[in-house]
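# The following block contains a protein sequence and its predicted model.
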Amino acid sequence: MAPLDLYVAGGIVAVTIIGAHYFKKQKQNSPPWAHASIWQTLNEFSNYPVEFLIKQRKEKGDIFRVNLLFFSITFIIGAKWNRWLLRETKEEDASFYEAVRDWHHGLIDVAHNFPGWHERALKAMSIGLNGPARLEQMSKYFLDIAVPTYQSWEAETSVPLFDFGSELVLRAVLTALLGPAFVHKYGDEVVPMVKSFERDIGHNLAMFLPLWATGVGRGLLRTRRRWKELIEAEVVARLEDPTRCVEAGDYLSYLLTLDNAARYMDCYGEHIVTAITAAHTNSDGTFAWTLLHLVRNPDLLAEYENEIRSNPPLGGRYPIKTMPFSEACLRETGRLYSNLVNLRYVFRDMVAPGGIIIPKGWLAASPLVTQRDPELYPHPEEWEPHRFLSNDPATSYASKFRSHEFVQFGYGRHACLGEKLVHCLLRETLWPTLIDNYRLEVVDGVIAGEGLSNVGVDVTFSEGLGTPFGEREVWIKVTKRDVPLSEEAARSSV
Ligand code: HEM
């Protein structure tokens, strides 16, 4: 960090500490403050947010405010509050878009303010990411990336699961959104650029100081400039030759076949970068944790292997409709690791059920904390996919979803637009292609007794967005099987 950055940061910290304490008064009917000193809050919330929120919930109930020095967040926890936030509040009261915009420190202002863009983008993503023909095409893209990537992993003595997994998922989503030709041409430049963008967007210096004032902020501005250049050049080239768009299966091509595509030129760069972040930051952690839990638990891995044996791929795609175990694994990883916060920005004090006044500012549900509630999930800290295979109406996935006890992909107005793509990416392609063709072995990075369900590594929430990684890297060795699992039966009957 440059010395100037340090002085500016130090000054802001001092002023804010004084200000935060001066203004931290309890208004009538507003939620109580978390029971912890400011330093304890900062330390525990940034290092162990789930444990901190669980502890505060026990003391203060389902609604409380957390003072994070530069700003505060009102937390609402539990199925009832998930429902209220995700289904019942209105965009004009508790805004998802404003939260996303604010979180990006003005880097996505053009698209945010462009008349009609939000509606257009929402509709475009609903169709452009979810039609069966598009999903089929995207699956092919994913397979084309997975096969050579796994071959390259096999050639190494061992590979870092979180890092390499993240890069694989990133290349896959870039291809789904921008097409293979773009990724082939710019992948080596764009992959590190997106990775640093995702890391730096949540950096304290970017959050509390003007972007031009710090190295981190200037890096984000450079990324935005370069990204805009790349996407605009791509858009111009595709609009000049519309047949390219009609024939291609990627999302940008679909977006450019819509009416008046040229009018929205200024929005595409910002839109695509936020779509990539949305697509990547939860899928990569889900990819890695699921594999790690499976490899660390031979019985569960054997169960997945058997599911693959009896569901051979068709044209490289595994038939996920008849693969409930992999769905349960996806859910269980989401239950334990995803959705620490669903953030909204409240424009003015608002009245919540029970007459509680939610103050203007940040508001967040924490589905992850709800998902660790032992009354809803017995042995909540165990990674146990079978809990989602139950047909019991009280505990099945469908009932957990309907009752808002489990909202892995959100609910209502802002529910995830990429859920089908996730099934196609992880369950139909990346996981089974790897496990069908390779044996996995953890060779370094795990410590017995550490992490949830003895997975061998604790989770860290202190870096990055979305589903977090392990607090250190885990190294796996990938060895090709003599015969893929899904071909064993056919070969042995010959
Ligand atoms: C395991 C992976 C994923 C998880 C757990 C996940 C989860 C979520 C959740 C919980 C929300 C709602 C956030 C809120 O209400 O505050 C959301 C929204 C969204 N997700 Fe995902 N997501 C995943 C992957 C994807 C993928 C692959 C895409 C593809 C582009 C995507 C695109 C989106 C978009 C665009 C929204 C915002 C919808 C809106 O504007 O209303 N997500 N996601």
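Yes, it's here.
# How about the residues of the stretch 151-300 of the chain by the ligand?
With C-beta under 6 Å from any ligand atom as the criterion, the stretch 151-300 of the chain meets the ligand at residues 275, 278-279, 282-283, 286. No exception for glycine: its C-beta is placed from N, CA and C like everyone else's.
# where does the stretch 351-494 of the chain have low pLDDT?
Residue ranges of the stretch 351-494 of the chain with pLDDT under 70: 494.
# Residues of it that sit close to the ligand?
Neighbours of the ligand within the stretch 351-494 of the chain, by C-beta under 6 Å from any ligand atom: 408-410, 414, 416-418, 421-422.
# So which of the residues you listed is surrounded by the most neighbours?
In terms of neighbour count, L421 stands highest of those at 26 neighbours, by other C-beta atoms under 10 Å.
# which ones are touching whatever residue of the chain ends up closest to the ligand?
Nearest residue of the chain to the ligand (C-beta to the nearest ligand atom) works out as G418 at 2.0 Å. Contact analysis of G418 by C-beta atoms under 8 Å, 6 or more residues apart in numbering lists 125, 129, 278-279.
# Which residue ranges of the stretch 1-150 of the chain form helices?
3-23, 38-47, 49-60, 79-83, 96-103, 109-113, 117-128, 132-155 (DSSP state H, counting those that start in this stretch).
# With mean neighbour count and mean pLDDT added, can I get these in JSON lines?
What follows is those, written out as JSON lines (neighbours: other C-beta atoms under 10 Å; pLDDT from 0 to 100):
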{"stretch": "helix 3-23", "mean neighbour count": "12", "mean pLDDT": "56"}
{"stretch": "helix 38-47", "mean neighbour count": "15", "mean pLDDT": "87"}
{"stretch": "helix 49-60", "mean neighbour count": "17", "mean pLDDT": "95"}
{"stretch": "helix 79-83", "mean neighbour count": "20", "mean pLDDT": "96"}
{"stretch": "helix 96-103", "mean neighbour count": "18", "mean pLDDT": "89"}
{"stretch": "helix 109-113", "mean neighbour count": "16", "mean pLDDT": "85"}
{"stretch": "helix 117-128", "mean neighbour count": "17", "mean pLDDT": "93"}
{"stretch": "helix 132-155", "mean neighbour count": "17", "mean pLDDT": "96"}
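# got JSON lines for those, with distance to G470 too?
Shown next, in JSON lines, are the helices of the stretch 1-150 of the chain (distance: least, C-beta to C-beta, whole Å):
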{"stretch": "helix 3-23", "distance to G470": "29"}
{"stretch": "helix 38-47", "distance to G470": "14"}
{"stretch": "helix 49-60", "distance to G470": "15"}
{"stretch": "helix 79-83", "distance to G470": "27"}
{"stretch": "helix 96-103", "distance to G470": "24"}
{"stretch": "helix 109-113", "distance to G470": "34"}
{"stretch": "helix 117-128", "distance to G470": "31"}
{"stretch": "helix 132-155", "distance to G470": "18"}
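# where along this structure do the strands fall?
Counting by DSSP state E, the chain has strands at residues 63-67, 72-76, 94-95, 159-160, 342-346, 350-352, 356-358, 361-365, 438-444, 459-460, 469-470, 475-480.
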